[in-house]
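>>> model this:
(one chain, ligands or ions: 1)
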Amino acid sequence: MPAIPPPRGTRDLLPDAAPAWEWVHEVHARVAGSFGYQLVDTPIFEHTELIERGVGVGTDVVDKEMFTFEDRGGRSLTLRPEGTAGVLRAVLGASLTQEIRPVRVRYAGPMFRGERPQALRYRQFAQVGVECIGERSPHLDAEVIEMGWRFLHELGITGVSLQANSLGDSEDRTRYRAALIAYYEPLEARLDDDCRRRLRVNPLRLLDCKRDAALAVDAPRITDFLSDESRIYFETVLDDLAAAGIPAERNPRLVRGLDYYAQTAFEFWHSSLQGAQNALGGGGRYDGLAEVLGFAPTPGIGYAFGVERLLVTAAEGGRVAPPQAACDAVAASIEPAQAQVAAAAARSLRTAGIRTVLDVSDRKLDRKLRAADRLGARVCVLIGSDEAAEGTATVRDMRTRQQQRVAVAQLAAAVADALDAEPERQEAPR
Ligand code: AMP
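Numbers count the residues shown, from 1 in each chain. Predicted structure coming up:
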């Protein structure tokens with residue numbers, strides 16, 4: 001029977017890569033935590049309606065890329081393609097903004113989009129993100145962007161280009177949309193089918209049209225349609241960023257096609273990522289989204305980063321947690337009769353915070369020592385019949401091959417000493 005491969009566009013996280021993966025998540029939790037953002041976790045599937053309303057009909061994600069299925073009761077469910085809609089549903093559903101405003105939350109987890117898989121574009125990928133819900137202030141937009149910037153800095157990722165734009169308020173965009181339609185309509189023959197459709201449902205997305213990129217260069221710019229209020233709002237965000245020492249590049253073509261986006265939109269680009277996949281992350285203000293989901297109007301802003309892309313970029317910058325040994329110590333019985341004594345020794349080491357693997361195999365001693373080496377153990381604790389009879393254990397330093405016999409009561413201290421003597425303790429980079 002042929003082996004079953006992983007589904008297209010998915011990847012397995014294997015132990016060698018796990019420390020780096022955990023490191024990215026820990027750094028995000030620490031940085032977002034330092035701004036007062038607390039963890040939330042929402043289901044990886046939601047009612048299809050929530051995703052359709054939240055991400056928007058007329059987007060590629062909703063029109064072509066959703067993993068949608070029916071539950072046994074015939075309700076349509078969809079694997080979440082992004083985190084914002086679910087997090088907003090959870091926060092507003094629990095009325096959290098009635099207690100405190102804004103609500104500052106962070107999240108992490110897998111997202112699903114049925115895209116054509118290519119390098120750094122997967123059908124299941126992981127994001128870390130934040131949402132700041134319940135208040136509208138340019139200082140909050142700057143806070144969220146600063147947090148993303150700081151996160152990248154803590155990952156040792158340099159050479160990031162922060163792209164920022166203002167999408168104005170809904171009146172600004174109504175005027176802008178009309179100008180875009182007036183510009184593109186006479187050029188319809190030069191658009192591909194997708195873009196011709198966008199001209200009707202989602203004209204802002206035409207700026208992303210790949211078929212004839214030259215068209216977008218001469219297209220009207222949102223910045224020319226901003227009200228004074230929107231303009232001042234955006235300048236305040238950029239001022240705050242400048243005061244924090246964060247350089248932002250104005251990019252009038254950075255748009256998000258949906259009505260509920262407002263004011264600030266931003267992306268973090270990195271040159272080492274290729275072409276359309278050059279964004280490490282992005283976000284924006286979504287003041288109209290709560291209403292679209294059926295809640296009272298509630299402003300919000302957030303960002304999301306792609307973990308796989310962060311890892312590749314951090315590794316290129318030389319800053320990623322190295323693979324780690326599975327354990328510090330192996331406890332092994334020399335004969336099956338001492339299995340429980342060896343298990344007790346392992347237990348006492350774990351209680352002392354020493355990562356310990358118990359070797360319960362009936363292999364010969366030299367095979368057990370080789371297996372311990374392969375696990376990366378730096379100390380082996382051996383229990384034979386003598387040790388079991390006298391309440392001792394043999395502690396073997398795997399590097400020097402020196403052995404000493406110690407009383408069980410002193411075992412954890414002796415192993416800790418042997419580990420401390422080891423020069424090359426592996427730690428995640430700081
Ligand atoms: P978006 O929600 O499209 O703004 O995506 C935010 C971030 O998630 C992007 O900047 C990427 O880093 C990551 N991302 C989005 N789609 C994918 C994908 N199909 N595969 C891997 N990463 C992705």
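
>>> report the secondary structure state of the residue nearest to Glu316 when sequence neighbours are not counted.
In space, and not counting its chain neighbours, Glu316 is closest to Ser272: 5.4 Å by C-beta to C-beta, 6 or more residues apart in numbering. C-beta: built from backbone N, CA, C; applies to glycine. Per DSSP: H, G, I helix; E, B strand; the rest coil, the local secondary structure of Ser272 is coil.

>>> strands of the stretch 1-150 of the chain, start to end?
38-39, 45-47, 68-70, 76-79, 103-112, 124-133 (DSSP state E, counting those that start in this stretch).

>>> let me fix that, I meant to ask about the stretch 151-300 of the chain.
With strands called from DSSP E, counting those that start in this stretch, the stretch 151-300 of the chain shows them at 160-166, 248-250, 262-270, 279-285, 300-306.

>>> pick the most deeply packed of those strands.
A comparison of the strands of the stretch 151-300 of the chain by mean neighbour count, using mean count of other C-beta atoms under 10 Å, puts strand 300-306 on top with a mean of 25.

>>> for the ligand, what is the nearest residue in the protein?
Nearest to the ligand in the chain, going by C-beta to the nearest ligand atom, is Gly306, at a distance of 2.3 Å.

>>> that residue pairs with what?
Gln127 (DSSP bridges).

>>> contacts only, for it.
Contacts for Gly306 (C-beta atoms under 8 Å, 6 or more residues apart in numbering) come out as 120, 125-127, 279-281.

>>> and the stretch 301-430 of the chain, which of its residues are near the ligand?
304-306, 308-309 (C-beta under 6 Å from any ligand atom).

>>> apply 5 Å and report the result again.
304, 306, 309 (C-beta under 5 Å from any ligand atom).

>>> once you drop chain neighbours, what's closest to the first one?
Setting aside the residues directly before and after it, Ala304 is nearest to Gly129 in space (C-beta to C-beta, 6+ apart), at 3.7 Å.

>>> for that neighbour, give me its contacts.
By C-beta under 8 Å, 6+ apart, the neighbours of Gly129 are 83-84, 87, 106-108, 281, 283, 302-305.

>>> please apply the same query to Glu52.
Val62.

>>> what does the model give it for pLDDT?
pLDDT, Glu52: 92.

>>> so which helix or strand takes in Arg309?
Here Arg309 sits within helix 307-316, counting by DSSP states H and E.

>>> ok, residues contacting that helix?
Against helix 307-316 from outside (C-beta under 8 Å, 6+ apart): 11, 17, 20-21, 24-25, 108, 120, 122, 125-128, 152, 155-157, 270, 272-273, 277, 279-281, 320.

>>> can you check stretch 341-357 too?
326-333, 358-360, 372, 375, 377, 381, 383, 387-388, 393, 408, 411-413, 415-416, 419.

>>> give me the ChimeraX select line for those residues, limited to the buried ones.
Buried subset of the contacts of stretch 341-357, written as a ChimeraX selection, criterion 16 or more other C-beta atoms under 10 Å:
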select :327,328,329,330,331,332,333,358,359,372,375,377,381,383,387,388,393,408,411,412,415,416,419
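
>>> looking at the contacts of stretch 341-357, which are in strands?
329-333, 358-359, 381, 383, 393 (DSSP state E).

>>> rewinding a little: pick out the most distant pair among the contacts of Gly306.
Farthest apart among the contacts of Gly306 by C-beta to C-beta are Ala126 and Ala279. That separation is 15.1 Å.

>>> who in the stretch 101-250 of the chain is up against the ligand?
With C-beta under 5 Å from any ligand atom as the criterion, the stretch 101-250 of the chain comes near the ligand at residues 113, 115, 121-122, 125.

>>> and for Asp141, the neighbour number?
By other C-beta atoms under 10 Å, 28 other residues sit near Asp141.

>>> isn't it right up against Gly302?
No - between Asp141 and Gly302 there is no contact under C-beta atoms under 8 Å: 10.4 Å.

>>> can you name the residues that contact Met147?
Met147 touches 31-32, 35, 37, 130, 303, counting by C-beta under 8 Å, 6+ apart.

>>> next, give phi and psi for Ile246.
Backbone torsions for Ile246, taken as degrees, to the nearest 10, come to phi -110, psi 120.

>>> and it, what does it touch?
145-146, 149, 162.

>>> what's the answer for Ala85, then?
Applying C-beta under 8 Å, 6+ apart, we find Ala85 in contact with 46, 50-51, 53-55, 289, 293.

>>> which of the residues you listed has the most neighbours?
Leu289 (27 neighbours).

>>> tally of neighbours for the nearest residue to it once chain neighbours are set aside?
Distances taken as C-beta to C-beta, 6+ apart place Tyr260 nearest to Leu289, at 4.2 Å, with adjacent residues excluded. Counted with other C-beta under 10 Å, residues neighbouring Tyr260 total 19.

>>> for Arg123, same thing?
19.

>>> so it makes contact with Phe112?
Yes - under the criterion of C-beta under 8 Å, Arg123 makes contact with Phe112 at 6.4 Å.

>>> list residues touching both of these two?
With C-beta under 8 Å, 6+ apart as the test, Arg123 and Phe112 both reach Phe67.

>>> now the terminal residues of stretch 403-412, how far apart.
In terms of C-alpha to C-alpha, to the nearest Å, the two terminal residues of stretch 403-412 are separated by 15 Å.

>>> tell me which residues are up against that stretch.
Applying C-beta under 8 Å, 6+ apart, the set of residues contacting stretch 403-412 is 344-345, 348-349, 351-352, 354, 381-382, 387, 391-397, 414.
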